[in-house]
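*Asks:* Following is a predicted model, sequence given first.
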Amino acid sequence: MTYETLLTETQGRVALIRLNRPKQLNALNDILMDELGAALTGFDADDGIGCIVLTGSDKAFAAGADIAMMAQKTFMEAYRGDFITRNWERIGTVRKPVIAAVAGYALGGGCELAMMCDFIIAADNARFGQPEIKIGIIPGAGGTQRLPRAVGKSKAMDLALTARTMDAAEAERAGLVSRVVPADKLLDEALAAAQVIAGYPLQAVMMVKECVNRAYQAPLSEGLLFERRGFHSLFATHDQKEGMAAFLEKRAPRFEHR
Ligand code: CAA
């Protein structure tokens, strides 16, 4: 599949999606978000894929929603068209893990897109922020909701109100990113993590993702019950029998993702 604004490839059971509007620092316009939705949907449905990596360029993961696309929009156009939900929420519906590999700018919608992924691996040159206030708007794709959940209220307020950016070290300290790696190792590290995940039983991988996400949506008692039932259901799978037998027989497991 070829796209105008993305480059995609597969490496074994891992899919790599690169945002590719280099002249605009990967600013997110409708074409890109439509194509990203299509690519994610395709890989999610592909039985041969177990994990997806989403990345940008060395300079920018994405510098935000495309300001040129938004500049002339009226309130009524934004409101009636429910602007920004168009395809942006698609990433949240992907059932397989999506790792954001972020180098350079992840600002505004770029930071929001990274936060919609399951975890973020950052290059040491990454910069995160929600600078929408500088252009007279506020975050519109989850920044005021996901950022405080990730870094706490004080830092989220600081970032969204002052429009300052934070570097990778601060983002790691704050819990926004899971690891920071040298910029020239970013893709290798993200792909290696994705290969590890893709090697595990897909049904268990998907169940982990669903259960962790439940922690943000359900009270603790409901989340614990949801987790317990998922845990029980995995005893009905081939890979649980194989994984435990392999451990006891001191050999490598042969998972069949069923
Ligand atoms: N939309 C459209 N074009 C953008 C863009 C954006 N968000 N960000 C950068 N570009 C374009 C620039 O217009 C420029 O194009 P030209 O070469 O044609 O002039 C090109 O990308 C390179 O940008 P700069 O020359 O500005 O590069 P720089 O290295 O000097 O600065 C930057 C980099 C600090 C990221 C700066 O480009 C910048 O501040 N960008 C805007 C960041 C921003 O405000 N993001 C939030 C957008 S609103 C949003 O995302 C809403 C939401 O919640 C969904």
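*Replies:* Great, that's in hand.
*Asks:* close to the ligand, is the helix of greatest length in the chain?
*Replies:* Longest helix in the chain by number of residues, with DSSP state H as the criterion: helix 30-45. No - Helix 30-45 does not reach the ligand (CB under 6 Å from any ligand atom); its nearest approach is 10.0 Å. The C-beta positions use only the backbone N, C-alpha and C, and glycine is treated the same way.
*Asks:* Who are the packing partners of that helix?
*Replies:* Packing contacts for helix 30-45, counted by 3 or more CB pairs under 8 Å, 6 or more residues apart in numbering; DSSP states H and E, involve strand 6-11, strand 14-19, strand 51-55.
*Asks:* Figure out which of those is closest to Asp239.
*Replies:* strand 51-55 (15.8 Å; CB to CB).
*Asks:* So which bits of the stretch 1-150 of the chain are right by the ligand?
*Replies:* 24-25, 27, 63-68, 84, 105, 107-109, 112, 131-132, 135, 139-141, 143.
*Asks:* Apply 8 Å and report the result again.
*Replies:* Listed as neighbours of the ligand in the stretch 1-150 of the chain under the rule CB under 8 Å from any ligand atom: 23-25, 27-29, 59-60, 62-70, 84, 88, 105, 107-110, 112, 130-132, 134-135, 137-141, 143.
*Asks:* Just the buried residues out of those residues, in PyMOL syntax.
*Replies:* Filtering those down to the buried ones (16 or more other CB atoms under 10 Å) takes a single PyMOL command:
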select buried, resi 24+25+27+28+29+60+62+63+64+65+66+70+84+88+105+107+108+109+110+112+130+131+132+139+140+141+143
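*Asks:* will you turn the helices and strands packed on helix 30-45 into a markdown table that also has mean neighbour count and mean pLDDT?
*Replies:* Shown next, in a markdown table, are those (neighbours: other CB atoms under 10 Å; pLDDT from 0 to 100):
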| stretch | mean neighbour count | mean pLDDT |
| --- | --- | --- |
| strand 6-11 | 14 | 98 |
| strand 14-19 | 22 | 98 |
| strand 51-55 | 25 | 98 |
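*Asks:* So for Ile197, which of these sits nearest?
*Replies:* Evaluated over the helices and strands packed on helix 30-45, closeness to Ile197 peaks at strand 51-55, with 4.3 Å, by CB to CB.
*Asks:* Tell me which other helices or strands the closest one touches.
*Replies:* Counting by 3+ CB pairs under 8 Å, 6+ apart, strand 51-55 packs on strand 14-19, helix 30-45, strand 98-102, helix 186-199.
*Asks:* chain center to it, what's the gap?
*Replies:* Relative to the chain's own centre, strand 51-55 is displaced by 8 Å; criterion: CA atoms, centre = their mean, to the nearest Å.
*Asks:* residues making contact with that strand?
*Replies:* Strand 51-55 is touched from outside by 13-19, 36, 40, 43-44, 61, 94, 96-103, 113, 117, 186-187, 190-191, 194-195, 197-198, 205, with contacts defined as CB atoms under 8 Å, 6 or more residues apart in numbering.
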